[in-house]
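fold the following for me, if possible:
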Amino acid sequence: MNLRLFFSLVGASVLLAAFAHYFTDNEFFQFATSALAIIFLAAWLGKSTESVAHYAGDRIGGFLNATFGNAAELIIAFFLVKEGLFDMVKASITGAIIGNMLLVLGLSVLLGGLKYKEQNFNSRLAGHNASLMTLAIVALFIPAVFMRELAPVKIETLSIVIAILLIVAYILWLIFSMITHSDFLSDIEPHESEAVWSKGVSIVMLAVSTVFVAVVSEWLVHGVQHVSHSLGWSELFVGAFVIAIIGNAAEHSAALLLAMKGRIGAAVEIAIGSSLQIALFVAPTLVLVSLLLGNPMDIVFTPFELAAIGVATFITISITKDGATNWFEGVLLLTVYIILGTAFFFA
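Below you'll find the predicted structure:
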């Protein structure tokens, strides 16, 4: 798409969302325009991170794509925590994890597989990703099991301990994967001949798009509760699928483009790396942030959410463990996502 046309669409969507937020009382219109603006802003953020990744290399580039792609989810979740909507926060975390592993990765594998019969990526990286996701499931499973046996204050303390341990584990994983063992986990894939912008402009674009995502995310949160009630949707479904799909827009755009260019390793790094970042860093960080806000949130997830994360992790590990993908494996991932979405809708 022509850059001038693209930024015209971004500007128009943000102005429409601002008009709805400041000059109308229709909360459904406010939510719809904010969601539209978030999607366009996430595409801008994704394009910026892809340009930065051109200068930073595959591993760091994939990490930056995942990190700034998760900016929308983190910012939206922060405002949800501030409003005390903990059930929706946990649902959005669940949705972001399964959305990246099933929807983003599924679409990337499917569309990339339609162009290339088989695409390969680092199988060692797939093995480490599997171990890290298993750690995340264990960390989320334990508080849910002990919830009935422990007093609320002890559950709160357990949540804090787990949150700190997960953050430490994630930081050590970054050191392991990007410093001490980076040569074992890298992929050699074709790069585009040139980036969209220069290095300096790419960094500025990344920062500005993130600021706009923060502003519009606050507008989105104001209307989400009214919309969920008026449509009869549960907070579980809204958080796990509606907000998560909107927040995942950046990963969608970046991962899909990379997969269709034959860079499935970078697409896998964005999709699975993003899920890992949410489970091991974003969710624990929100627990600690809630303490600073004076309204502590525990890390106890519902059986529905734990089942969804467990199922998504199981099939993702099964499909990626050999370091090769094809279009049919993308279909399998998307099928599981639709099954979970239907179940959450009726829950």
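
does N120 touch G323 like I think?
Yes. Counting by C-beta atoms under 8 Å, G323 is a contact partner of N120 at 5.8 Å. For the C-beta atoms, the positions are set from N, CA and C on the backbone; glycine is no exception.

neighbour count for these two, which is higher?
The neighbour comparison of N120 against G323 (other C-beta atoms under 10 Å) goes to G323, with 18 against 14.

find the nearest non-adjacent residue to that one, please.
S123 (3.1 Å; C-beta to C-beta, 6 or more residues apart in numbering).

residue boundaries of the helices in the stretch 51-200 of the chain?
For the stretch 51-200 of the chain, the helices defined by DSSP state H, counting those that start in this stretch occupy 58-69, 71-82, 86-98, 105-115, 123-146, 152-175, 182-185, 199-231.

now tabulate the ones you listed in TSV and tack on distance to V282, mean pLDDT and mean neighbour count.
Below are the helices of the stretch 51-200 of the chain laid out as TSV (distance: least, C-beta to C-beta, whole Å; pLDDT from 0 to 100; neighbours: other C-beta atoms under 10 Å):
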stretch	distance to V282	mean pLDDT	mean neighbour count
helix 58-69	10	69	23
helix 71-82	5	78	24
helix 86-98	7	86	27
helix 105-115	18	92	23
helix 123-146	11	88	17
helix 152-175	10	92	16
helix 182-185	22	70	13
helix 199-231	14	80	18
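
how far away is the residue nearest to G323 from A279?
According to C-beta to C-beta, to the nearest Å, S123 stands 22 Å off from A279.

mind listing what the residue nearest to G323 touches?
S123 makes contacts with K321, D322, G323, as judged by C-beta atoms under 8 Å, 6 or more residues apart in numbering.

what's stretch 94-104 in contact with?
Contacts of stretch 94-104 (C-beta under 8 Å, 6+ apart): 70, 73, 136, 239-241, 243-245, 247-248, 251-252, 255-256, 270-272, 274-275, 278-279, 282, 301, 305, 308-309, 312-313, 315-316, 333-334, 336-337, 340.

what is the neighbour count of the nearest residue to F78 once chain neighbours are set aside?
Closest residue to F78 apart from its sequence neighbours, by C-beta to C-beta, 6+ apart: V289 at 6.7 Å. By the measure other C-beta under 10 Å, the count of residues near V289 is 16.

check A279 too.
Using other C-beta under 10 Å, A279 is surrounded by 26 other residues.

that one and V311, how far apart?
For A279, the distance to V311 - C-beta to C-beta - is 15 Å.

kindly state the pLDDT recorded for the closest residue to I167 other than its chain neighbours?
Distance criterion C-beta to C-beta, 6+ apart; nearest residue to I167, sequence neighbours excluded, is P284 at 5.0 Å. Looking at P284, its pLDDT reads 93.

M297 is in contact with P284, correct?
No. Taking contacts as C-beta under 8 Å, P284 lies outside contact range of M297: 10.8 Å.

before we move on, back to that, now, which of the contacts of S123 lie within strands?
When the contacts of S123 are checked against strands (DSSP state E), there are no matches.

which of the residues you listed sits closest to V227?
Nearest to V227 among the contacts of S123 is K321, at 39.6 Å by C-beta to C-beta.

distance of the closest one from S182?
21 Å.

same question for I315.
Note on I315: its distance to S182, by C-beta to C-beta, is 28 Å.

ok, now A144?
For A144 relative to S182 (C-beta to C-beta), the value is 35 Å.

what does V287 give?
Counting by C-beta to C-beta - V287 and S182 are separated by 30 Å.

next one: G323
17 Å.

buried set for the helix or strand containing V336?
For V336, the element it lies in under DSSP states H and E is helix 327-346. Using 16 or more other C-beta atoms under 10 Å as the burial criterion, the residues of helix 327-346 that qualify are W327, E329, G330, L332, L333, L334, V336, Y337, L340, G341, F344.

who's in contact with the third one?
What it means is G330. Counting by C-beta under 8 Å, 6+ apart, G330 makes contact with L105, G106, L107, S108, V109, L110, L111, G112, G113.

got any ranges where the stretch 201-347 of the chain has weak pLDDT?
Filtered on pLDDT under 70, the stretch 201-347 of the chain yields the residue ranges 225, 235, 247-251.

contacts only, for the closest residue to S234 other than its chain neighbours.
Counting by C-beta to C-beta, 6+ apart, A347 is the residue found nearest to S234 once chain neighbours are left out, at 6.2 Å. Contacts for A347 (C-beta under 8 Å, 6+ apart) come out as S234, L236, F237, F304.

by neighbours, which of the residues you listed wins?
L236 (23 neighbours).

what residues sit buried inside stretch 282-292?
Using 16+ other C-beta under 10 Å as the test for burial, stretch 282-292 gives V282, A283, P284, T285, L286, V287, V289, S290.

tabulate these (CSV), appending distance to A96.
Formatted as CSV, the buried residues of stretch 282-292 follow (distance: C-beta to C-beta, whole Å):
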residue, distance to A96
V282, 8
A283, 9
P284, 14
T285, 13
L286, 11
V287, 15
V289, 16
S290, 17
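
nearest to V204 among the residues you listed?
Closest approach between the buried residues of stretch 282-292 and V204, by C-beta to C-beta: V282, at 24.6 Å.
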